[in-house]
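Participant: I would like to see how this sequence folds:
(4 chains)
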Protein chains: 2
Amino acid sequence: MSRKPEPKSYAETIHEKGFRFTDQRRAVYDALMNRRDHPTAVEVFMRVKGKVPSISLATVYNCLETLTGCGLVKTVNHDRESARYCPNLDEHAHLFCEGCGGVTDIPLRAKRRAHDIWELPEEVTISHHEISFRGLCPKCAKAAARKTTKSK
Amino acid sequence: MSRKPEPKSYAETIHEKGFRFTDQRRAVYDALMNRRDHPTAVEVFMRVKGKVPSISLATVYNCLETLTGCGLVKTVNHDRESARYCPNLDEHAHLFCEGCGGVTDIPLRAKRRAHDIWELPEEVTISHHEISFRGLCPKCAKAAARKTTKSK
DNA sequence: GGCATATCAAGAATAATTCTAAATAAAGCA
DNA sequence: TGCTTTATTTAGAATTATTCTTGATATGCC
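Facilitator: Sure, this is the predicted structure:
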């Protein structure tokens, strides 16, 4: 298949790690970058089918794993729901809305370190952390407030 | 079966919610409280079998759900691993050790509020949050440090 | 004790993800 | 360019944790 030149950044990142930048991997990566939301593997699969009709769900899982392994994408877990994937590499938490089911990125306030917030023993080494909130996103919270006001 | 008097606190909590405090539920609750660690449902099942040999895994799941519904136990999730259950009701995070596989409770430093740490939009309502760290617990971190020192 | 309801046990069913094996595609080299 | 080696993809089977279903038990209340 034909190849357009890619912005070096991520194509190179993949190559540096010893992986090939295939059409499938690009399509999966683009599916995330174009929307910058938090789709599940199945949702990515549906988006990608348009571009690479022959792609299989297993390949989507493979690609997502490769991309996370390269540090280009993050996995987002919440309770026992399907894993979601996030292209935002900045430090942030996630808010899972109980109203609309959406996921919102919540940035960390500047200069907060885990040790300032949590009583982490000195010795521990943190390789990864994940913070998730469940509640109502701004939109749903406002809608709920309106409803309550009216009914009273 | 025979019943010893229970400390009112949790037996009552269960009754208040309209549930019966059965032998199975007590055994599951005790399995958590006696060790105060973070077992999976299967681990709870194994512990409980000694006390209630006829118990089934499905019942352990049911009991754990009832107990969490009553606010006596918390569910702890990490990546896509099996859910774990935690009897510590204080505000805390969890450290999942990549060395020994153990889970450590990490208390919140006094008086930190989520809004101080995260750029949460004013309107949002948080009903629940979960913080998990992955890394090396103090014991494993020390062991790793020793090893590195020796080999150099 | 007898009735209504809650709970339990066993195994089937489900859902997300991973694994397997064969087919395809790409990269490296003659 | 053609050949070889290796990586990747595909489709479907397998796995794993959890939930659901159904009939059997146990409990609380009159």
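Participant: for chain A, what spans make up the helices?
Facilitator: For chain A, applying DSSP state H gives helices covering A:8-16, A:23-35, A:41-49, A:57-69, A:114-117, A:138-151.
Participant: Adding mean pLDDT, distance to B:Thr40 and mean neighbour count, write those helices out as a markdown table.
Facilitator: No exception for glycine: its C-beta is placed from N, CA and C like everyone else's. Below are the helices of chain A laid out as a markdown table (pLDDT from 0 to 100; distance: least, Cβ to Cβ, whole Å; neighbours: other Cβ atoms under 10 Å in any protein chain shown):
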| stretch | mean pLDDT | distance to B:Thr40 | mean neighbour count |
| --- | --- | --- | --- |
| helix A:8-16 | 84 | 36 | 14 |
| helix A:23-35 | 96 | 31 | 19 |
| helix A:41-49 | 97 | 24 | 18 |
| helix A:57-69 | 97 | 24 | 18 |
| helix A:114-117 | 84 | 26 | 15 |
| helix A:138-151 | 84 | 33 | 12 |
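Participant: Using TSV, lay out those helices together with distance to DNA strand C.
Facilitator: Converted to TSV, the helices of chain A look like this (distance: least, Cβ to the nearest atom of the strand, whole Å):
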stretch	distance to DNA strand C
helix A:8-16	8
helix A:23-35	6
helix A:41-49	4
helix A:57-69	4
helix A:114-117	26
helix A:138-151	22
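Participant: how about TSV for those helices, with distance to B:Cys137 added?
Facilitator: Shown next, in TSV, are these (distance: least, Cβ to Cβ, whole Å):
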stretch	distance to B:Cys137
helix A:8-16	31
helix A:23-35	33
helix A:41-49	31
helix A:57-69	24
helix A:114-117	15
helix A:138-151	37
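Participant: can you tell which of those is closest to B:Ala27?
Facilitator: B:Ala27 lies closest, by Cβ to Cβ, to one member of the helices of chain A: helix A:114-117, at 36.6 Å.
Participant: Just give me how far that closest one sits from the chain centre.
Facilitator: Per Cα atoms, centre = their mean, to the nearest Å, the displacement of helix A:114-117 from the mean C-alpha position of its chain is 24 Å.
Participant: Next one: stretch A:82-91, is it in contact with chain B?
Facilitator: Yes - residues of stretch A:82-91 contacting chain B under Cβ under 8 Å from any Cβ of the partner chain: A:Ala83.
Participant: That stretch and DNA strand C, are they touching?
Facilitator: Yes - judged by Cβ under 7 Å from any atom of the strand, stretch A:82-91 comes into contact with DNA strand C at A:Ser82, A:Ala83.
Participant: Buried residues, that stretch. List them.
Facilitator: A:Ala83, A:Arg84, A:Tyr85, A:Cys86, A:Pro87, A:Asn88 (16 or more other Cβ atoms under 10 Å in any protein chain shown).
Participant: The last one - nearest residue in space that isn't next to it in sequence?
Facilitator: What that stands for is A:Asn88. With Cβ to Cβ, 6 or more residues apart in numbering or on different chains as the criterion, A:Asn88 has its nearest non-adjacent residue at 5.5 Å, and that residue is A:Asp105.
Participant: And for that neighbour, the neighbour number?
Facilitator: Neighbourhood size, A:Asp105 [other Cβ atoms under 10 Å in any protein chain shown]: 16.
Participant: shouldn't A:Pro138 be in contact with A:Ala145?
Facilitator: No - between A:Pro138 and A:Ala145 no contact is recorded; they are 10.6 Å apart, counting by Cβ atoms under 8 Å.
Participant: Now do the shared contacts for those two.
Facilitator: B:Glu123 (Cβ atoms under 8 Å, 6 or more residues apart in numbering or on different chains).
Participant: measure A:Asn34 to A:Val28 for me?
Facilitator: Distance, A:Asn34 to A:Val28, by Cβ to Cβ, to the nearest Å: 11 Å.
Participant: Tell me the strands beside the biggest strand by length in chain A, with direction?
Facilitator: The single longest strand within chain A, with elements called by DSSP state E, is strand A:125-136. Strand pairing for strand A:125-136, using DSSP bridges, gives strand A:92-97 (parallel), strand B:125-136 (antiparallel).
Participant: A:Thr59: which of these is closest?
Facilitator: Across these, closest to A:Thr59 is strand A:92-97 (Cβ to Cβ), at 25.8 Å.
Participant: Next, the angle from that closest one to helix A:138-151.
Facilitator: 40 degrees (axes from the mean of the first three to the mean of the last three Cα atoms, to 10 degrees).
Participant: Strand A:92-97 and DNA strand C in contact?
Facilitator: No - figure legend: strand A:92-97 not in contact with DNA strand C (Cβ under 7 Å from any atom of the strand); closest approach 14.4 Å.
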